[in-house]
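Undergrad: Sequence first, predicted model second:
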Amino acid sequence: MTRLIIESAVLSGLALAGLMIAAGANAYVVQLLFSTALAVTLAVGWNLIGGMAGYVSFGQVGFFGLGAYAGALAMLKWALPWPLAIVLAACLAAFLAWPLGRIMLRLSGIFFALGMFGLARVLQIIVNALEITGGPMGTSIPTAEGPGATAMAMVALATGAVALMMAISRSRFGLRLAALRDDAIAAAAAGVDTSRVKVAAFCLSAGLAAAAGALYARNVGYIDPASGFAGTIELQTVLMVLAGGIGTVWGPVLGGIVISLLSTALWARFPTEQQIILGALTLLLAVAMPGGLASIPPLSTWLRRPMLGAFTPGAATPAPAPAAVAADHAGAVLACRGLGKRFGGVVAVAGVDLAVAPGEILAVIGPNGAGKSTLFDMISAFSAPTSGEIRFRGALCAAMPPHLLARAGIARTFQTSRLFPHLTVFETVLLAAASRQHRFRDAQQAASALLAATDLADDAERFPDALPPGRQRLLEIARALALAPAVLLLDEAMAGMTAAEIARVHAVLRAATRRGTAIVAIEHVLPAIASLAARAQVLDNGQTIAEGPPAQVLSDPMVIEAYLGGDEMALAS
Ligand code: ADP
Ligand code: MG
């Protein structure tokens, strides 16, 4: 809370100072203010998609140019008042960014960055060829009476952009963005609609760049393809974000202000060498301080992402209410029939039937490479079966994406740990709880209750890498349980746990089954699960080779045969 007050005070102070300069200073200083506020707006907007969502873009300048032209044409052709033209430009860019984002954000890493670069060039070529935009010669627009009004508007826009980031960093949307950047697959498994979240960030980011572009055009009174889509704008924006601190709320503000002022000061003294000095300084900064200015010690603690909600001891709500568990006519909540998966020539799963009833615990065991994890990937919709069908509560769930399936009640853990490095233990569980609870407050209560139940409350504010491996696994189970699942899929969740930790997990799982949750637990070795499961199913070479009570399955000659040659210990221990 105090953190929010301090941040708001700093932002208000900056905005007030900007407005006062815009109102009173000489034209040179006002222009400097305009370009600094422009830099901050662009940096903050770029950081939303490039830093907070983790999709580095080399083409945000495309939206800047689009906004500049849209604003200019709205003022010229429709004679719209300039503030309205700017709003229109922002809306247009955000609107166009929706379908573009749905396509472009399928790419990742360097492919997305280059795709965006290409997009900006395409826009530039289109604008260059059109008559209405004035072609290569560009177009003039009525200039502002004086620079004061546009500078004030730019300061207001920058302030609004920062306020928006402050709000996002404290919201469910911000939590989802942080999770998406850390691990998109784990986020989807926690019920996050990753595609929607990143497209929303992309649209907001495009809108900000376009508003800045429209104001820029109004300020200069002229726009042409070379200045509207200048690669240097893109480059400088990225440098400012990197210098300030990528992914943080205040880093881009810091970077925008410092680099703008620095480059102006350098330009005044060394007009010819300015670019070289700036480039060298940036290189130096990147090497010496990869986290940017925001990573300098006292700043780094002040500027860290604010923690979202806190563990409330003795939260009144018990563990989240289980999803109403409905079974099909045969009594199974989850039923797979003839499920198969081939990867090219490799048949990973070959016609497996699997069914589990509400409140039941089924152990799935088998040697390495038997197809166990592939089976889970298909059930949780991360991979499409090549044959067979999966029914959840009696209904086919072929076309459901993973996050919807997670919300509907099929939760899973992963064989290799998939935790979010930048989310605290509490936030990790909160993320999943917020996928089920409509009210964020209810999700916080549910997360607190679940942490208490899983004995993770003491670690609520820690980050996953500060936990011992066994507790990391426990956190993954807690994250899955926060979805209040009807079916819980555990992939070797107890591997590497101490006996005490296994006992704790067993207690947690038993409590879940009492609320009706069905559990399918993959274990490489049976002892970890034997005392818990009433039934075991053994896979080998993608097929079920035995099924029944654990003790009976273990003495099955087929099973012994499958485990022979390196894995005898697994059965004996
Ligand atoms: P388990 O979890 O029982 O150890 P997996 O389901 O991970 O087994 O793997 C089953 C088989 O499928 C293995 O032979 C593995 O090499 C193969 N496999 C799994 N995933 C892929 C993939 N993405 N591409 C190709 N082969 C795969
Ligand atoms: Mg596996």
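TA: Right, received. Where do you want to start? Ligands and ions are numbered 1, 2, ... in the order given.
Undergrad: what's the domain layout of the protein?
TA: With domains defined by automatic domain parsing, the chain comprises 2-230, 356-375+402-572.
Undergrad: now the ones you listed as CSV including mean pLDDT?
TA: As requested, the domains of the chain are exported to CSV (pLDDT from 0 to 100):
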stretch, mean pLDDT
domain 2-230, 92
domain 356-375+402-572, 88
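Undergrad: For residue 306, find the nearest of those.
TA: Within those, the stretch nearest residue 306 is domain 2-230; the backing value is 5.6 Å (CB to CB). Quick note: C-beta positions are derived from backbone N, CA and C, even for glycine.
Undergrad: Just the endpoints, please. Distance across the closest one?
TA: 41 Å (CA to CA, to the nearest Å).
Undergrad: Determine if any part of it is in contact with ligand 1.
TA: No. Judged by CB under 6 Å from any ligand atom, domain 2-230 stays clear of ligand 1, getting no closer than 12.9 Å.
Undergrad: Give me the distance from that domain to the chain's centre.
TA: Relative to its chain's centre, domain 2-230 lies at 20 Å (CA atoms, centre = their mean, to the nearest Å).
Undergrad: Next up, phi/psi of the closest residue to ligand 1 within the stretch 51-200 of the chain, please.
TA: Closest approach between the stretch 51-200 of the chain and ligand 1, counting by CB to the nearest ligand atom: residue 185, at 12.9 Å. Residue 185 adopts backbone torsions of phi -70, psi -40, taken as degrees, to the nearest 10.
Undergrad: ok, it - how many residues close by?
TA: Residues lying near residue 185 (other CB atoms under 10 Å) number 12.
Undergrad: Likewise for residue 444?
TA: 23.
Undergrad: and the residue nearest to the spatial centre of the chain, what element?
TA: Closest to where the C-alpha atoms of the chain average out (CA atoms, centre = their mean) is residue 180, at 1.8 Å. Using DSSP states H and E, residue 180 sits within helix 172-182.
Undergrad: who touches that helix?
TA: Taking contacts as CB atoms under 8 Å, 6 or more residues apart in numbering, the residues outside helix 172-182 that touch it are 52-54, 168, 186-187, 190, 192, 194, 197-198, 200-201, 247, 305, 308, 420-423, 427, 430-431, 434, 440, 443.
Undergrad: Now the residue of the stretch 1-150 of the chain found nearest ligand 2. Its backbone dihedrals?
TA: In the stretch 1-150 of the chain, the residue that lies nearest ligand 2 is residue 108 (24.7 Å; CB to the ion). With angles defined as degrees, to the nearest 10, residue 108 sits at phi -140, psi 170.
Undergrad: What number of residues are in the vicinity of the closest residue to it other than its chain neighbours?
TA: In this structure, residue 108 finds its nearest non-sequential neighbour in residue 55, 7.5 Å apart by CB to CB, 6 or more residues apart in numbering. By the criterion of other CB under 10 Å, residue 55 has 24 neighbours.
Undergrad: I'd assumed residue 55 was in a strand, is it?
TA: No. Applying DSSP: H, G, I helix; E, B strand; the rest coil, one finds residue 55 to be coil, outside a strand.
Undergrad: Pretty sure it sits against residue 115.
TA: No. Applying CB atoms under 8 Å as the test, residue 55 and residue 115 come out as separate, 10.3 Å apart.
Undergrad: And the helices in the stretch 201-350 of the chain?
TA: Assigned by DSSP state H, counting those that start in this stretch, the helices in the stretch 201-350 of the chain fall at 225-228, 231-244, 251-269, 274-288, 297-303.
Undergrad: Quick one: those as a markdown table, columns for distance to residue 374 and mean neighbour count too.
TA: Supplementary listing: the helices of the stretch 201-350 of the chain in a markdown table, determined by distance: least, CB to CB, whole Å; neighbours: other CB atoms under 10 Å:
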| stretch | distance to residue 374 | mean neighbour count |
| --- | --- | --- |
| helix 225-228 | 50 | 20 |
| helix 231-244 | 40 | 23 |
| helix 251-269 | 41 | 20 |
| helix 274-288 | 42 | 13 |
| helix 297-303 | 42 | 13 |
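Undergrad: any chance you could map the helices in the stretch 401-550 of the chain?
TA: Under DSSP H, counting those that start in this stretch, the stretch 401-550 of the chain gives helices at 402-408, 425-436, 440-453, 469-481, 499-514, 527-530, 550-554.
Undergrad: Common neighbours of residue 55 and residue 115, please.
TA: Joint contacts of residue 55 and residue 115 (CB under 8 Å, 6+ apart) do not exist.
Undergrad: hang on, the earlier thing: show me the one of the helices of the stretch 401-550 of the chain that comes nearest ligand 1.
TA: It is, among those and with distance given as CB to the nearest ligand atom, helix 527-530, at 14.7 Å.
Undergrad: Provide the contact partners of that closest one at residue level.
TA: For helix 527-530, using CB under 8 Å, 6+ apart, the contacting residues are 361, 363, 365, 494-495, 497, 502, 521, 523, 536, 550-551, 573.
Undergrad: redo that, cut-off 10 Å
TA: For helix 527-530, contacts defined as CB atoms under 10 Å, 6 or more residues apart in numbering pick out 361-365, 490, 492-495, 497, 499, 502, 505-506, 509, 519, 521-523, 536, 549-551, 553-554, 570-573.
Undergrad: Make a PyMOL selection of the buried ones in these.
TA: To isolate the buried subset of the contacts of helix 527-530 in PyMOL, counting by 16 or more other CB atoms under 10 Å, use the following:
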select buried, resi 361+362+363+364+365+490+492+493+494+497+502+505+506+509+519+521+522+523+536+550+553+554+570+571
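Undergrad: Take the contacts of helix 527-530 and keep only those in strands.
TA: With strands taken from DSSP state E, the overlap with the contacts of helix 527-530 comprises 361, 362, 363, 364, 365, 490, 519, 521, 522, 523, 536.
Undergrad: Which positions in the stretch 301-450 of the chain make contact with ligand 2?
TA: Neighbours of ligand 2 within the stretch 301-450 of the chain, by CB under 5 Å from the ion: 372, 373, 415.
Undergrad: Recalculate using a threshold of 8 Å.
TA: Taking CB under 8 Å from the ion, the part of the stretch 301-450 of the chain that reaches ligand 2 is made up of 368, 370, 372, 373, 374, 415.
Undergrad: Check for me that the second one belongs to a helix.
TA: No. With three-state DSSP as the criterion, residue 370 is assigned coil and is not in a helix.
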